[in-house]
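Q: Sequence first, then the predicted structure:
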Amino acid sequence: MIRGARWAAVALAIGLLGGCGAGRPVKYFRLTVSPEAAQAGRTGKAEVFPVTLLVGSLTASHLYRGDRIVYGNGHQQMGTYEYQRWADPPTDMVEELLLRSLRSSGRYRAVYYRRSNAQGDYEIHGRLQDFQELTGSRLSARVTLELEMRDLKTGATVWTHDYTKDEPVDGKDVLAVVAALDRNAQAGASEMVASLEQYFASRKDR
(Lines give C-alpha, C1' and ligand atoms only; values in the text may rest on other atoms or scores of the structure.)
Protein backbone atom coordinates (compact mmCIF):
# COMPACT_ATOMS: atom_id res chain seq x y z
CA MET A 1 0.00 0.00 0.00
CA ILE A 2 1.42 3.39 -0.93
CA ARG A 3 2.54 5.55 2.01
CA GLY A 4 2.83 9.31 1.55
CA ALA A 5 4.46 11.12 -1.36
CA ARG A 6 8.18 10.95 -0.53
CA TRP A 7 9.08 10.17 -4.11
CA ALA A 8 6.64 12.53 -5.78
CA ALA A 9 9.47 14.54 -7.34
CA VAL A 10 10.81 11.44 -9.07
CA ALA A 11 7.76 9.29 -9.70
CA LEU A 12 4.86 11.50 -10.59
CA ALA A 13 1.34 10.41 -9.74
CA ILE A 14 -0.51 12.03 -12.61
CA GLY A 15 -4.07 10.87 -12.19
CA LEU A 16 -6.72 9.40 -9.97
CA LEU A 17 -9.65 7.36 -11.18
CA GLY A 18 -12.83 6.47 -9.36
CA GLY A 19 -15.59 8.60 -7.93
CA CYS A 20 -16.16 9.46 -4.31
CA GLY A 21 -17.04 6.37 -2.38
CA ALA A 22 -16.62 4.25 -5.51
CA GLY A 23 -13.68 2.26 -4.16
CA ARG A 24 -9.95 2.60 -3.95
CA PRO A 25 -8.43 5.17 -6.35
CA VAL A 26 -5.95 4.14 -9.04
CA LYS A 27 -2.65 6.05 -9.08
CA TYR A 28 -0.52 6.46 -12.20
CA PHE A 29 3.24 6.95 -12.52
CA ARG A 30 5.73 7.70 -15.26
CA LEU A 31 9.48 7.84 -15.82
CA THR A 32 11.35 11.14 -15.61
CA VAL A 33 14.19 12.62 -17.66
CA SER A 34 17.33 13.16 -15.61
CA PRO A 35 18.73 16.72 -15.30
CA GLU A 36 22.06 15.36 -16.60
CA ALA A 37 20.44 14.15 -19.82
CA ALA A 38 18.59 17.42 -20.28
CA GLN A 39 21.83 19.38 -19.90
CA ALA A 40 23.96 17.13 -22.10
CA GLY A 41 22.94 18.70 -25.39
CA ARG A 42 23.46 22.29 -24.21
CA THR A 43 27.24 22.38 -23.88
CA GLY A 44 27.85 23.02 -27.60
CA LYS A 45 31.34 21.44 -27.30
CA ALA A 46 30.75 17.84 -28.43
CA GLU A 47 31.31 16.90 -32.06
CA VAL A 48 28.12 16.12 -33.97
CA PHE A 49 28.16 12.84 -35.88
CA PRO A 50 26.69 13.38 -39.39
CA VAL A 51 24.04 10.68 -39.03
CA THR A 52 20.30 10.54 -38.39
CA LEU A 53 19.09 7.90 -35.95
CA LEU A 54 15.63 6.35 -35.88
CA VAL A 55 14.38 4.80 -32.62
CA GLY A 56 12.17 1.81 -33.39
CA SER A 57 9.64 -0.02 -31.27
CA LEU A 58 10.70 -2.28 -28.42
CA THR A 59 9.27 -5.78 -28.22
CA ALA A 60 8.33 -7.20 -24.83
CA SER A 61 6.09 -9.57 -22.95
CA HIS A 62 2.44 -8.47 -22.93
CA LEU A 63 2.96 -7.54 -19.26
CA TYR A 64 5.24 -4.68 -20.30
CA ARG A 65 2.94 -3.56 -23.11
CA GLY A 66 0.14 -2.80 -20.64
CA ASP A 67 -0.10 -0.27 -17.81
CA ARG A 68 0.26 -2.56 -14.79
CA ILE A 69 3.35 -2.39 -12.54
CA VAL A 70 4.86 -5.88 -12.50
CA TYR A 71 6.40 -7.73 -9.58
CA GLY A 72 7.96 -11.17 -9.36
CA ASN A 73 10.40 -13.44 -7.54
CA GLY A 74 12.95 -13.50 -10.36
CA HIS A 75 12.02 -17.02 -11.40
CA GLN A 76 8.64 -18.34 -12.56
CA GLN A 77 6.16 -16.32 -10.52
CA MET A 78 4.99 -12.86 -11.60
CA GLY A 79 2.03 -10.63 -10.80
CA THR A 80 0.76 -7.07 -11.24
CA TYR A 81 -0.53 -4.34 -8.95
CA GLU A 82 -4.18 -3.41 -9.36
CA TYR A 83 -4.25 0.15 -8.05
CA GLN A 84 -0.75 1.39 -8.99
CA ARG A 85 -0.14 1.64 -12.74
CA TRP A 86 2.05 3.28 -15.36
CA ALA A 87 0.76 6.30 -17.27
CA ASP A 88 2.05 4.62 -20.45
CA PRO A 89 3.25 1.08 -21.17
CA PRO A 90 6.88 0.53 -20.09
CA THR A 91 7.86 -0.16 -23.71
CA ASP A 92 6.60 3.28 -24.75
CA MET A 93 8.23 5.05 -21.80
CA VAL A 94 11.62 3.41 -22.40
CA GLU A 95 11.45 4.22 -26.12
CA GLU A 96 10.81 7.86 -25.24
CA LEU A 97 13.64 7.84 -22.70
CA LEU A 98 16.08 6.46 -25.30
CA LEU A 99 15.00 8.99 -27.92
CA ARG A 100 15.20 11.97 -25.57
CA SER A 101 18.56 10.83 -24.17
CA LEU A 102 20.02 10.55 -27.68
CA ARG A 103 18.65 13.96 -28.66
CA SER A 104 19.92 15.56 -25.46
CA SER A 105 23.43 14.21 -26.04
CA GLY A 106 23.79 16.66 -28.92
CA ARG A 107 25.96 14.16 -30.81
CA TYR A 108 23.69 13.42 -33.77
CA ARG A 109 22.36 15.38 -36.73
CA ALA A 110 18.83 14.29 -35.80
CA VAL A 111 16.98 11.60 -33.83
CA TYR A 112 13.41 10.56 -34.66
CA TYR A 113 10.99 7.75 -34.01
CA ARG A 114 11.04 5.04 -36.65
CA ARG A 115 7.25 5.34 -36.97
CA SER A 116 7.60 8.91 -38.21
CA ASN A 117 8.06 9.76 -41.89
CA ALA A 118 11.66 10.83 -41.32
CA GLN A 119 14.50 9.29 -43.31
CA GLY A 120 17.43 7.95 -41.32
CA ASP A 121 20.82 6.29 -41.60
CA TYR A 122 20.46 3.83 -38.72
CA GLU A 123 17.61 2.25 -36.78
CA ILE A 124 17.82 1.29 -33.11
CA HIS A 125 15.42 -1.37 -31.84
CA GLY A 126 15.41 -4.17 -29.31
CA ARG A 127 13.59 -5.95 -26.52
CA LEU A 128 12.59 -4.90 -23.01
CA GLN A 129 13.13 -8.20 -21.24
CA ASP A 130 12.55 -7.09 -17.63
CA PHE A 131 10.95 -4.05 -16.01
CA GLN A 132 9.75 -5.23 -12.63
CA GLU A 133 9.96 -5.23 -8.87
CA LEU A 134 11.85 -8.22 -7.48
CA THR A 135 10.51 -9.51 -4.19
CA GLY A 136 12.62 -11.30 -1.60
CA SER A 137 14.61 -10.51 1.52
CA ARG A 138 15.45 -7.12 -0.03
CA LEU A 139 13.34 -5.42 -2.67
CA SER A 140 15.02 -4.45 -5.93
CA ALA A 141 13.99 -3.18 -9.35
CA ARG A 142 15.21 -5.11 -12.38
CA VAL A 143 15.63 -3.64 -15.85
CA THR A 144 16.93 -5.78 -18.72
CA LEU A 145 17.21 -4.16 -22.13
CA GLU A 146 18.64 -5.72 -25.29
CA LEU A 147 19.38 -3.23 -28.09
CA GLU A 148 20.82 -3.38 -31.57
CA MET A 149 21.34 -0.93 -34.40
CA ARG A 150 20.87 -1.64 -38.09
CA ASP A 151 22.47 0.20 -40.99
CA LEU A 152 19.48 1.12 -43.16
CA LYS A 153 21.56 1.17 -46.33
CA THR A 154 23.03 -2.31 -46.01
CA GLY A 155 20.55 -3.94 -43.63
CA ALA A 156 23.44 -5.16 -41.48
CA THR A 157 23.39 -5.10 -37.68
CA VAL A 158 26.39 -2.94 -36.76
CA TRP A 159 26.01 -2.44 -33.00
CA THR A 160 24.50 -4.31 -30.06
CA HIS A 161 24.25 -3.45 -26.40
CA ASP A 162 22.78 -5.41 -23.48
CA TYR A 163 21.92 -3.78 -20.17
CA THR A 164 20.74 -5.53 -17.03
CA LYS A 165 20.78 -4.32 -13.45
CA ASP A 166 18.97 -4.91 -10.16
CA GLU A 167 18.60 -1.50 -8.49
CA PRO A 168 18.05 -1.54 -4.68
CA VAL A 169 14.69 -0.17 -3.55
CA ASP A 170 14.96 2.40 -0.76
CA GLY A 171 11.69 1.55 0.95
CA LYS A 172 8.88 -0.96 1.03
CA ASP A 173 6.13 0.76 -0.92
CA VAL A 174 5.30 1.05 -4.62
CA LEU A 175 6.52 4.65 -4.81
CA ALA A 176 9.98 3.46 -3.81
CA VAL A 177 9.82 0.70 -6.42
CA VAL A 178 8.85 3.21 -9.12
CA ALA A 179 11.74 5.48 -8.10
CA ALA A 180 14.19 2.57 -8.34
CA LEU A 181 12.88 1.55 -11.78
CA ASP A 182 13.21 5.18 -12.86
CA ARG A 183 16.85 5.37 -11.71
CA ASN A 184 17.61 2.04 -13.34
CA ALA A 185 16.05 2.95 -16.69
CA GLN A 186 17.91 6.26 -16.79
CA ALA A 187 21.20 4.51 -16.01
CA GLY A 188 20.51 2.09 -18.86
CA ALA A 189 19.77 4.96 -21.26
CA SER A 190 22.99 6.76 -20.25
CA GLU A 191 25.01 3.58 -20.76
CA MET A 192 23.44 3.10 -24.21
CA VAL A 193 24.25 6.69 -25.21
CA ALA A 194 27.90 6.27 -24.16
CA SER A 195 28.22 2.96 -26.03
CA LEU A 196 26.80 4.45 -29.24
CA GLU A 197 29.14 7.42 -29.02
CA GLN A 198 32.08 5.03 -28.75
CA TYR A 199 30.86 3.17 -31.83
CA PHE A 200 30.55 6.25 -34.03
CA ALA A 201 33.79 7.74 -32.71
CA SER A 202 35.62 4.54 -33.66
CA ARG A 203 34.32 4.79 -37.23
CA LYS A 204 35.84 8.24 -37.80
CA ASP A 205 39.34 6.86 -38.30
CA ARG A 206 38.32 4.22 -40.85
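A: Arrived safely, thanks for sending. Numbers count the residues shown, from 1 in each chain.

Q: What helix or strand is the closest residue to residue 150 other than its chain neighbours located in?
A: Nearest residue to residue 150, sequence neighbours excluded (Cβ to Cβ, 6 or more residues apart in numbering): residue 123, at 5.0 Å. The C-beta positions use only the backbone N, C-alpha and C, and glycine is treated the same way. Applying DSSP states H and E as the criterion places residue 123 in strand 122-134.

Q: Mind giving me the packing neighbours of that strand?
A: strand 49-60, strand 68-72, helix 90-105, strand 140-151, strand 157-168, helix 174-203 (3 or more Cβ pairs under 8 Å, 6 or more residues apart in numbering; DSSP states H and E).

Q: strands paired with it, and their directions?
A: Applying DSSP bridges to the sheet, strand 122-134 is found paired with strand 49-60 (parallel), strand 68-72 (parallel), strand 140-151 (antiparallel).

Q: Between these, which one is closest to residue 178.
A: Across these, residue 178 has its closest neighbour in strand 68-72 (7.2 Å, Cβ to Cβ).

Q: where does this protein have low pLDDT?
A: 1-22, 34-45, 205-206 (pLDDT under 70).

Q: give me that answer again for 80
A: 1-23, 33-46, 74-76, 204-206 (pLDDT under 80).

Q: okay, now residue 136: neighbour count?
A: 9 (other Cβ atoms under 10 Å).

Q: And residue 47, by the same measure?
A: Counted with other Cβ under 10 Å, residue 47 comes out at 11.

Q: I figured it hits residue 107, correct?
A: Yes: counting by Cβ atoms under 8 Å, residue 47 touches residue 107, with 7.2 Å between them.

Q: Report the inter-axis angle for the strand holding residue 123 versus helix 174-203.
A: Angle, strand 122-134 to helix 174-203, by axes from the mean of the first three to the mean of the last three Cα atoms, to 10 degrees: 150 degrees.
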